[in-house]
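[1] sequence first, then the predicted structure:
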Amino acid sequence: MLCGVDHDCQSASFDEITHLLEGAGSVAVCAHTSPDGDALGSELALIELIESLWPDKEVVGLLADDEDVPRIYQFLPGADRLVRACEYAGSPDLFFCVDLSSPGRLADAQAVLERSARSAVIDHHPSNERFWNAGVVRPDAAAAGVIVSEYALHVSGGLTQTMAQNLLCALMTDTGRFQYQNANGEAFRVASALVDAGASPSEVALHVYQSDRLGYLHLSATVMGRITTFERGKIAYSYATSADFAATGVPVAECDGLVDLVRRVDGSEIALFLKEVSGGKVRGNLRAKSDRDISVVAREMGGGGHPAAAGFTVEGDIDQALSVVLPKLRALYAREGEAR
Ligand code: 5GP
Ligand code: MN
């Protein structure tokens with residue numbers, strides 16, 4: 001038994017998903033905008049699973065944005081077959097969302113969802129807008145890849161080496177290499193099953209964590225040099241501007257890891273990283289090292305996410321974004337009256 005969850009409930013939902021898949025001639029699978037290792041790994045594993053179980057179905061894997069797969073994830077088996085949603089004209093029988101349960105996170109693929117007859121979801125983000133016909137949304141799961149792994153074992157009893165590799169990448173990245181608060185027993189049990197099925201932790205680590213461009217390391221040095229703390233060291237913050245990206249030649253899409261530098265500050269509980277993105281906007285990554293829920297602040301900023309890892313995008317420059325978000329972070333401490 002891989003998980004400590006309500007098996008009967010999850011099994012029943014898995015069977016509903018299977019029923020939807022059986023009834024669909026064409027299926028589009030899509031993960032969230034700005035895809036990370038969980039989004040891509042879970043999507044690719046799910047595509048392979050559906051194709052292996054139902055070879056006659058027409059299955060397409062979509063990218064929500066008009067962008068390439070981020071460089072560090074291009075090694076994932078099948079990554080080269082993903083199609084940008086803006087270039088896909090089909091109207092599938094079934095639209096399968098993985099690692100998201102909020103249509104707004106589909107970017108260009110939202111139009112494909114709207115053209116689809118039915119939808120299914122596998123996700124681990126808190127969700128309050130159920131739009132799907134069948135799905136499993138379990139915020140206690142460390143990664144969407146945990147649930148996809150359990151679905152694969154439920155429906156077919158086996159995992160191929162390539163599915164396992166994709167899913168291990170999903171787990172390793174969403175748990176910060178099994179270092180974040182979400183790295184629970186279920187995550188380790190699933191990871192163990194994936195390694196037994198042929199997944200290679202060292203290969204994931206090599207591509208994702210040991211293949212930084214020199215420019216990225218130089219940018220990291222700049223970001224580290226700017227780390228500032230507030231609230232007696234409890235809040236740590238840094239940023240990168242468009243000029244930094246231009247000077248180092250680093251694509252914005254490759255900067256997901258920079259917030260992890262900020263969270264390294266001893267004694268910090270909340271890490272904030274801001275970066276300028278195209279269209280005069282600023283993207284914020286928030287992380288909590290304690291049990292303080294920073295997704296509340298992300299939602300107030302128009303974004304969302306998990307209690308310990310959330311994000312948002314706002315119009316304006318770094319100073320403007322900081323002037324709005326910093327008081328909200330400080331208010332978390334004021335609201336709780338330093339109870340903790
Ligand atoms: P990141 O900071 O790495 O972009 O995102 C952290 C977590 O929050 C991820 O699980 C991501 O899917 C979620 N997240 C990030 N930005 C948004 C957003 O704008 N809206 C919602 N609903 N979730 C977000
Ligand atoms: Mn995820």
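    All right, it came through fine. Residues are numbered from 1 along each chain as shown. Ligands and ions are numbered 1, 2, ... in the order given.

[2] and stretch 55-67, what's buried?
    Neighbour counts using 16 or more other C-beta atoms under 10 Å place 57, 59, 60, 61, 62, 63, 64, 65, 67 of stretch 55-67 among the buried residues. For the C-beta atoms, the positions are set from N, CA and C on the backbone; glycine is no exception.

[3] show only the entries of those found in strands.
    The members of the buried residues of stretch 55-67 that map onto strands under DSSP state E are 59, 60, 61, 62, 63.

[4] pretty sure the fourth one contacts residue 27?
    I take that to be residue 62. No - Residue 62 is beyond contact range of residue 27, at 10.6 Å (criterion: C-beta atoms under 8 Å).

[5] need phi/psi at residue 83.
    Phi and psi for residue 83, reported as degrees, to the nearest 10, are phi -120, psi 140.

[6] in contact with it, which residues?
    60, 61, 62, 63 (C-beta atoms under 8 Å, 6 or more residues apart in numbering).

[7] who's in contact with the residue in the chain positioned nearest to ligand 2?
    Closest to ligand 2 within the chain is residue 38: 3.4 Å, counting by C-beta to the ion. Residue 38 makes contacts with 31, 99, 143, 144, 145, 170, 171, 173, 174, as judged by C-beta under 8 Å, 6+ apart.

[8] how about residue 177?
    205, 209.

[9] doesn't it belong to a helix?
    No - assigned with DSSP: H, G, I helix; E, B strand; the rest coil, residue 177 falls outside any helix and is coil.

[10] and the stretch 151-300 of the chain, which residues reach ligand 2?
    Proximity of the stretch 151-300 of the chain to ligand 2 is confined to residue 174 under the rule C-beta under 5 Å from the ion.

[11] show me what from the stretch 151-300 of the chain comes close to ligand 1.
    Neighbours of ligand 1 within the stretch 151-300 of the chain, by C-beta under 6 Å from any ligand atom: 256, 285.

[12] quick one, strands of the stretch 151-300 of the chain?
    228-230, 235-240, 270-277, 281-288 (DSSP state E, counting those that start in this stretch).

[13] also the stretch 1-150 of the chain?
    Taking DSSP E, counting those that start in this stretch, the strands of the stretch 1-150 of the chain run over residues 26-30, 58-63, 83-84, 94-98, 118-123, 134-137.

[14] related to what we said a few turns ago, for the ones in strands among the buried residues of stretch 55-67, which one is nearest residue 119?
    Residue 119 lies nearest to residue 62 out of these, by C-beta to C-beta, at 13.0 Å.

[15] which residues are in contact with the single nearest residue of the stretch 101-250 of the chain relative to ligand 1?
    Distance from ligand 1 to each residue of the stretch 101-250 of the chain (C-beta to the nearest ligand atom) is smallest for residue 102, at 4.9 Å. Counting by C-beta under 8 Å, 6+ apart, residue 102 makes contact with 125, 127, 129, 304.

[16] poorly predicted segments of this structure, please.
    Residues of the chain meeting the criterion pLDDT under 70: 1-5, 335-340.

[17] take the strands of the stretch 151-300 of the chain and write them to a markdown table, including mean neighbour count.
    Listed next are the strands of the stretch 151-300 of the chain as a markdown table, based on neighbours: other C-beta atoms under 10 Å:
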| stretch | mean neighbour count |
| --- | --- |
| strand 228-230 | 15 |
| strand 235-240 | 23 |
| strand 270-277 | 24 |
| strand 281-288 | 22 |
